[in-house]
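**Q** need a 3D model of the sequence below.
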Amino acid sequence: MSAEGAPDFVMETAWVIEATYAPDAAESRVPVRAEHLARAARLKRDGVIIEVGGYTDLSGSLLIVRAASEAEALAIAREDPYIREGVWVELRARQLGRVAIVGEPGARAAGVDRAAGPAADPGTGPAAGPAAV
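**A** I've put the predicted structure just below:
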């Protein structure tokens, strides 16, 4: 809570993207990895990407992005060098209602009443399921 008694957080709609690696990803990512990581860092600095990283078993990557729609979220991933070069072979997106701290860089409220919490945002409930691409 803030000093004024109002919550110091908002519910923010974001998108979780899971990207599946190609079977040869350990080798095929090498030539474009620096470009991929530089882009991810830039988008993270710009507040587009909230979090990003690869699973240590080399099965895929996870991105949490700020986007207005599923199509926009998937477009962010589709513009990545890993898609262009075949390192990622499948993308899936799911809408996420996340807790963002007021003043957090890039955070934007999803029109949710801070006191009501995630149940007030119909876009983050169980009906917002996965979409495969």
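**Q** gap between the most centrally placed residue in the chain and Pro31?
**A** The residue lying closest to the centre of the chain (CA atoms, centre = their mean) is Ile64, at 1.6 Å. Here Ile64 is placed at a distance of 26 Å from Pro31 (CB to CB, to the nearest Å). Heads up, the C-betas are built off the backbone N, CA and C, glycines and all.
**Q** list the buried ones in the strand or helix carrying the residue nearest to the centre of the chain?
**A** If you go by DSSP states H and E, Ile64 is part of strand 60-65. By 16 or more other CB atoms under 10 Å, the buried positions in strand 60-65 come out as Gly60, Ser61, Leu63, Ile64, Val65.
**Q** what residues are up against the residue nearest to the centre of the chain?
**A** Contacts here follow CB atoms under 8 Å, 6 or more residues apart in numbering; on that basis Ile64 touches Ala14, Trp15, Val16, Ile17, Ile49, Ile50, Glu51, Val52, Leu96, Arg98.
**Q** so the third one makes contact with Leu62?
**A** Meaning Val16. Yes. The criterion here is CB atoms under 8 Å, and Val16 meets it with Leu62 at 6.9 Å.
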